[in-house]
Every structure is written in structure tokens, then in C-alpha cells.
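Peer 1: coords below, sequence missing:
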Ligand SMILES: Cc1cc2nc3c(=O)[nH]c(=O)nc-3n(C[C@H](O)[C@H](O)[C@H](O)COP(=O)(O)OP(=O)(O)OC[C@H]3O[C@@H](n4cnc5c(N)ncnc54)[C@H](O)[C@@H]3O)c2cc1C
């Protein structure tokens, strides 16, 4: 069984020959200033937005970073206070308080980025590469008439970025040659940050209200907020969990998938799934890991009855330790697994549930 280290070494060997370079004569001497579009929930900035700040820091040593938060009500202002001390390199927090931003509809948010970028003249606009950022940033890029660069995993210089292509099998180095601001979505797994300490009060950045007097009322466009449904769960967020327990088609039913959920509960882990499991209706699609799902890189990724299709690996191959259980010794998941067990999940999972202590 190939170890994950061997696979990563292989990827490193393969990547340079696949690396495509789009080079043009652009000077890097333009002054750098960055606007980070932040997500917030429950009065706090989300960890993936702190990762976006970390990415912004790697653009240049001399880079004023403005964090933009939008929403309405007291939770927004709590989040702004939290954001002001999330990282000493944040120089200001901009707050856009309006009912227009009560829900993450892409049109008004894209328009907000356009407005704030035009006022502040930022050279870069960064947000985390999740469904929120990927929905909004390309529209903001269209309004600004620039081309966004998505899924950045490495920043070599202010205009040179690395991003995965072909489901993570090759890395593409992109030089940004546009005249306007450079808009990036960054993978938070590539810019990890320690958890924010609740009492961290060091270096509080000033908080400024965004002037929305010129914002207009026609910003909602063609989409309309209908409702928000989410799993009512105490489990950690899949994108940021330390441990992820994933199940595949082999679980056979939503009822059986509860074994995965029980195991996750015992381990204090998030639940993940393959697209096959999602398509079969065992779990909702926000649990899908992979190329068209979430990208995760936890300390421990446990895959039960997952074949290891390339599109699934694209979402979890950077996990620190990968454990796989599959009854087929030839399953591709074993090529990336650090620990593999050839066995039947309907025997292995109940045994694990029995032997693991509660609430580990
Ligand atoms: C454009 C595109 C995007 C895609 N994006 C994603 C994505 O984001 N995420 C994703 O996951 N997939 C994605 N897919 C689908 C992907 O190609 C695979 O079809 C999918 O990952 C397979 O899921 P699976 O491993 O659960 O199922 P299968 O491939 O059917 O594998 C099931 C595995 O379970 C094992 N097994 C069966 N019974 C048992 C048992 N009792 N005990 C132990 N092992 C058992 C089998 O040996 C097998 O290896 C995408 C495909 C396309 C074309």
C-alpha cells in the first residue's frame, strides 16, 4: 500500500511537468492593499475568513488589510468587534449594515465589493474558497471587469499564484496580468490558522461604517431569498474539523449511515460523504467531500466503504492521516491511506462503536 507521503512525493514530481505558466510583463512594484471579504456567524468571524487574512498577509510585508463584513443587526457588530482583533495585521474593519445583506444573495454582495473596491482602490480582493465566496467573487469580478483566480493554494508573489487543476492532479502557476484589482478565492486548508482565542484583544483595528448612500435599491437583481435550511447539529463544521469520518455508497441506506454519525459523535468528528452516498440520498449534499463538494484537510480522515475515486481524493488527499476501511484490497483509497484495513464496514464500525469510549 502506497503511503500518503509517497503519493504526495509523486504529485510533486508530476506537477512541474504539468505546470502551466501564463507569463506576461507585469511589474510587481504596484502598491499592495487588500480587501478581505469575511464571513461571520453567531457574532464571530468564521475561521475560513481568518485563513483568507493569512493569505492576504503572504502577498507582501507592507500590505494594509481591510476586512469587510456585511449583514444587519447586533450579530454583525459583535462579529466586527471580533474581527477587529482576529489578527494584528488587520488595519481596519469595514462594516456594511443593511437589510440588503441579511442573506448571502450574490448580487448585492458583489455590488458591495465593487463599491468598496472603487472607493478604497484595493489592489487585491480575497475571500475564502467556499460556496459563499465562489458565489459572490466572480460576480464582483464581472462588475470590476477583471478575471478572478479561484482556489489559490499558494501565493508566490503579489501576482503569482498556484492553484490545483485536473481535480488536484496538477498544479497550475498563474501570473495575474490584469490592469485592475486582482480577485482571489483561497483554499483555507492551504492557509491554516490556529483557533481564535475568545479573549484575544491584542491590536484592535478601527471599525468603520461603509457609506451605503450611493448603493441604490435595485441591487437584489434576479434572485430572491426563499429560506435557509441547515442540519441542526452540534457536530464540528466539516470544513474546519480536526477529525472527519466519511462514508460511501457501501453504507447502502440512510439508516445504515447513522453508524457513521454515531462514530463521528464518539470521536467529536464531522461527518463527510462521497457523492455516491449523497446522490443515493443517505445524507444531504453539504456533507459531500471532493472536487464538487468540500475540500478538507483534517488531522484525521476516516473513510468507510469509500472507493477513492479521483474526484473524492481531490477533497481530502491533504488530510494529515488517512484511515480507510474497504472490503476490496485493490480499492484506490488504499493508495493514499496511511492506515488501511481490508474488511467489512458492517463488522468494523459496530466493533469500533463498542470499543471506543464515549465522547472521545
Ligand atoms: C464531474 C464529477 C465530479 C465528482 N465529484 C465528486 C465529489 O466531489 N466527491 C465524490 O465523492 N465523488 C465525486 N464524483 C463521483 C466519483 O467519481 C465516484 O463515483 C464516487 O466518489 C464514488 O463514491 P463511493 O466511493 O461511495 O462509491 P463506489 O465507487 O461505489 O465505492 C464503494 C466502495 O465501497 C466498498 N464496499 C462495498 N461494500 C463494502 C462493505 N460492506 N465493507 C467495506 N467496503 C465496502 C467497495 O469495495 C467500493 O470500493 C464526481 C464525479 C464526476 C464525474
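Peer 2: Good, I have the coordinates. This structure is a prediction, so every number in the text was calculated from the model and none was measured.
Peer 1: Now do the helices in the stretch 201-350 of the chain.
Peer 2: Applying DSSP state H, counting those that start in this stretch to the stretch 201-350 of the chain gives helices spanning 254-267, 275-279, 310-316, 333-336, 345-355.
Peer 1: What residues of the second one count as buried?
Peer 2: The one in question is helix 275-279. By 16 or more other C-beta atoms under 10 Å, the buried positions in helix 275-279 come out as 275-278. Backbone N, C-alpha and C define where each C-beta goes, glycine included.
Peer 1: And the longest one, by the same measure?
Peer 2: Judged by neighbour count using 16+ other C-beta under 10 Å, the buried positions of helix 254-267 are 256-257, 259-267.
Peer 1: if we can go back for a sec, what subset of the buried residues of helix 275-279 is also close to the ligand?
Peer 2: 275-277 (C-beta under 6 Å from any ligand atom).
Peer 1: mind putting these in TSV, pLDDT and distance to residue 209 included?
Peer 2: Shown next, in TSV, are these (pLDDT from 0 to 100; distance: C-beta to C-beta, whole Å):
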residue	pLDDT	distance to residue 209
275	98	43
276	98	48
277	98	45
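Peer 1: quick one: which of these is nearest to residue 88?
Peer 2: Checking those against residue 88 with C-beta to C-beta, the nearest one is residue 275 at 40.6 Å.
Peer 1: Quick check: the closest residue to the closest one other than its chain neighbours vs residue 246, distance?
Peer 2: Leaving aside its chain neighbours, residue 275 sits nearest to residue 288 (5.5 Å; criterion: C-beta to C-beta, 6 or more residues apart in numbering). Residue 288 is 10 Å from residue 246, where distance means C-beta to C-beta, to the nearest Å.
Peer 1: out of those two, which sits in the more crowded spot?
Peer 2: residue 246 (31 against 24; other C-beta atoms under 10 Å).
Peer 1: which ones are touching the closest residue to the more buried one other than its chain neighbours?
Peer 2: Distances taken as C-beta to C-beta, 6+ apart put residue 272 closest to residue 246, at 3.7 Å, once the chain neighbours are dropped. Going by C-beta atoms under 8 Å, 6 or more residues apart in numbering, residue 272 touches 238, 244-247, 287-289, 294, 296, 301, 316.
Peer 1: Where do the strands of the stretch 201-350 of the chain begin and end?
Peer 2: Ranges of strands in the stretch 201-350 of the chain, per DSSP state E, counting those that start in this stretch, are 207-209, 243-247, 270-273, 300-304, 321-326, 339-342.
Peer 1: Let's have those strands in JSON lines, adding distance to the ligand and mean pLDDT.
Peer 2: Below are these laid out as JSON lines (distance: least, C-beta to the nearest ligand atom, whole Å; pLDDT from 0 to 100):
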{"stretch": "strand 207-209", "distance to the ligand": "38", "mean pLDDT": "97"}
{"stretch": "strand 243-247", "distance to the ligand": "8", "mean pLDDT": "98"}
{"stretch": "strand 270-273", "distance to the ligand": "7", "mean pLDDT": "97"}
{"stretch": "strand 300-304", "distance to the ligand": "7", "mean pLDDT": "98"}
{"stretch": "strand 321-326", "distance to the ligand": "4", "mean pLDDT": "98"}
{"stretch": "strand 339-342", "distance to the ligand": "8", "mean pLDDT": "98"}
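Peer 1: ok, residue 130 touching residue 239?
Peer 2: Yes. Residue 130 lies in contact with residue 239 (C-beta atoms under 8 Å); the separation is 6.7 Å.
Peer 1: Quickly list what's touching both of those two.
Peer 2: Common neighbours of residue 130 and residue 239 (C-beta under 8 Å, 6+ apart) are 48, 188, 294.
Peer 1: can you pull the pLDDT of the residue of the stretch 1-150 of the chain at minimum distance from the ligand?
Peer 2: The stretch 1-150 of the chain approaches the ligand most closely through residue 131 (12.9 Å), counting by C-beta to the nearest ligand atom. Note for residue 131: predicted pLDDT of 87.
Peer 1: and if you look at residue 61?
Peer 2: What the model reports as pLDDT for residue 61 is 86.
Peer 1: quick one on the thing from earlier: residue 130 and residue 239 - which one has more neighbours?
Peer 2: Using other C-beta under 10 Å as the criterion, residue 130 and residue 239 rank with residue 239 on top: 23 against 18.
Peer 1: Find the nearest non-adjacent residue to the more buried one, please.
Peer 2: Here the residue nearest residue 239, using C-beta to C-beta, 6+ apart, is residue 294, at 5.5 Å.
Peer 1: where do the helices sit along the stretch 51-200 of the chain?
Peer 2: All helices of the stretch 51-200 of the chain, identified by DSSP H, counting those that start in this stretch, fall at 74-84, 106-120, 131-144.
Peer 1: hmm, back to that, pLDDT and distance to the ligand for the shared contacts of residue 130 and residue 239 - can I get that in TSV?
Peer 2: Listed next are these as TSV, based on pLDDT from 0 to 100; distance: C-beta to the nearest ligand atom, whole Å:
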residue	pLDDT	distance to the ligand
48	93	18
188	91	17
294	92	8
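Peer 1: Switch these over to a markdown table; also include neighbour count.
Peer 2: Output for the shared contacts of residue 130 and residue 239, formatted as a markdown table (neighbours: other C-beta atoms under 10 Å):
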| residue | neighbour count |
| --- | --- |
| 48 | 24 |
| 188 | 26 |
| 294 | 20 |
